[in-house]
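> dropping a prediction and its sequence here:
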Amino acid sequence: MKRSNYNIINIVLTGLIIYVLLLPLISPFMDKIFPDIWQCQYLRITGRECPFCGLTRDFRDIINLTESTRHNRFAALFFVFCVGEVFLRTVVSFAIVKKKSFNTIFKIDIIYNIIFIILIIVSIVNHFI
C-alpha cells in the first residue's frame, strides 16, 4: 500500500473514531432533533438490544468519570481501544510524514486492528449466545 493512500485511510479512520468518542456529547442534541431516528434500529425493529446497545451511555459515563451500572460489558474495553486507535492513527500519520519505518508501523497497525476486530466479533457472538 502506498504511503499517501495509507495516510488518507488514517485520517478517515481517525475522524470516525473521534466521532464515536464524541457521540456521547452529541447524542442528547441529536435525540431531541431526530427522536425517531436517533435510537437503535435493531432494538426498534426486534425489541431486543443489539450487541452495541449501551455503548454511548457507557462512553458518556467513562468520559464524565461517573460510575454507574454498565449497559454493555465490553464498553470499557471498546473505549480503551478507541482511544488507543486515535493515538495509533496520530502516531502513524506523523511517522508517514517523517518517512519513518513504514513496514513496522503497518504491521503494528494490522495487529492492533485484528485484535479490535476480534473483540467486536466476540462481543457480537457473545450477545447472541
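Good, I have the coordinates.
> how far out from the middle of the chain is stretch 71-91?
6 Å (Cα atoms, centre = their mean, to the nearest Å).
> hmm, who's touching that stretch?
Outside stretch 71-91, the residues within contact range by Cβ atoms under 8 Å, 6 or more residues apart in numbering are 10-11, 13-14, 17-18, 20-21, 51-55, 57-59, 62, 70, 105, 108-109, 112, 115-116, 119, 123. Any C-beta I mention is one placed from the backbone N, CA and C, and that applies to glycine too.
> got the CA positions of stretch 53-67 in PDB?
What follows is stretch 53-67, C-alpha atoms only, in PDB (Å, rounded to 0.1, in the frame of the first residue of the first chain):
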ATOM      1  CA  CYS A  53     -26.600  -1.100  22.800                       C
ATOM      2  CA  GLY A  54     -25.400   0.800  25.800                       C
ATOM      3  CA  LEU A  55     -22.000   1.800  24.400                       C
ATOM      4  CA  THR A  56     -23.000   5.500  24.000                       C
ATOM      5  CA  ARG A  57     -24.300   5.700  27.600                       C
ATOM      6  CA  ASP A  58     -21.300   3.900  28.900                       C
ATOM      7  CA  PHE A  59     -18.900   6.000  26.900                       C
ATOM      8  CA  ARG A  60     -20.600   9.100  28.400                       C
ATOM      9  CA  ASP A  61     -20.200   7.700  31.900                       C
ATOM     10  CA  ILE A  62     -16.500   7.000  31.300                       C
ATOM     11  CA  ILE A  63     -15.800  10.400  29.800                       C
ATOM     12  CA  ASN A  64     -17.600  12.100  32.700                       C
ATOM     13  CA  LEU A  65     -15.800   9.800  35.200                       C
ATOM     14  CA  THR A  66     -19.100   8.700  36.700                       C
ATOM     15  CA  GLU A  67     -19.700   5.200  38.000                       C
END
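> how about that stretch: buried residues?
Neighbour counts over stretch 53-67 (16 or more other Cβ atoms under 10 Å) mark 53-62 as buried.
> so after the longest helix seen in the chain, what's the next helix or strand?
Using DSSP state H, we find that the single longest helix of the chain is helix 3-33. Using DSSP states H and E, the helix or strand that follows helix 3-33 towards the C-terminus is helix 41-46.
> what's that next one in contact with?
Residues contacting helix 41-46 (Cβ under 8 Å, 6+ apart): 48-50, 53.
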